[in-house]
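Trainee: I would like to see how this sequence folds:
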Amino acid sequence: MIQHMSMVFKAGGLSVGEGAFLMACCNHTDAKGYVIAHMQQIADEAHMSLRTAQATRAKLEQRKLVKAAPRFSPKNGAQIANLFRVNLDLLCLFIHI
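Mentor: Next up, the predicted model:
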């Protein structure tokens with residue numbers, strides 16, 4: 001969502017990798033901050049490897065800017081793409097006006 005991407009542009013205190021990852025995530029967020037994309041797609045858009053994207057997501061989870069949860073198929077119980085969400089309220093606190 002463009003408003004969320006704008007928040008990332010204005011945010012301070014993020015590393016280049018964290019900013020790139022959040023920007024890619026926010027390109028696929030809904031109004032509540034849920035990311036509608038696979039990690040590989042986020043990694044590709046952030047110009048990083050999947051492993052680097054996963055490590056960056058873990059750092060952002062520690063900072064409470066991103067929250068991830070596993071998802072499972074209701075049909076067969078197999079794990080599918082994780083559901084994750086950008087903490088938009090906390091991201092607002094990083095904005096320098």
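
Trainee: which parts of the helix or strand bottoming out on mean pLDDT in the chain are buried?
Mentor: Lowest mean confidence among the helices and strands of the chain (mean pLDDT, DSSP states H and E): strand 79-86, at a mean of 87. Using 16 or more other Cβ atoms under 10 Å as the test for burial, strand 79-86 gives 84-86. Placement of C-beta: from N, CA and C, glycine included.

Trainee: Which element is encountered next along the chain beyond that strand?
Mentor: On the C-terminal side of strand 79-86, the nearest following helix or strand under DSSP states H and E is helix 88-93.

Trainee: Residues touching that following helix, excluding its own?
Mentor: Contacts to helix 88-93, defined as Cβ atoms under 8 Å, 6 or more residues apart in numbering, come from residues 4, 7-8, 11, 22, 32-33, 64-65.

Trainee: Could I get the CA-only coordinates of it as PDB?
Mentor: Extracted C-alpha coordinates of helix 88-93, given in PDB (Å, rounded to 0.1, in the frame of the first residue of the first chain):
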ATOM      1  CA  LEU A  88       2.200   0.100  11.300                       C
ATOM      2  CA  ASP A  89       1.700   1.800  14.700                       C
ATOM      3  CA  LEU A  90       5.300   1.200  15.700                       C
ATOM      4  CA  LEU A  91       6.600   2.200  12.300                       C
ATOM      5  CA  CYS A  92       4.900   5.600  12.800                       C
ATOM      6  CA  LEU A  93       7.100   6.200  15.800                       C
END
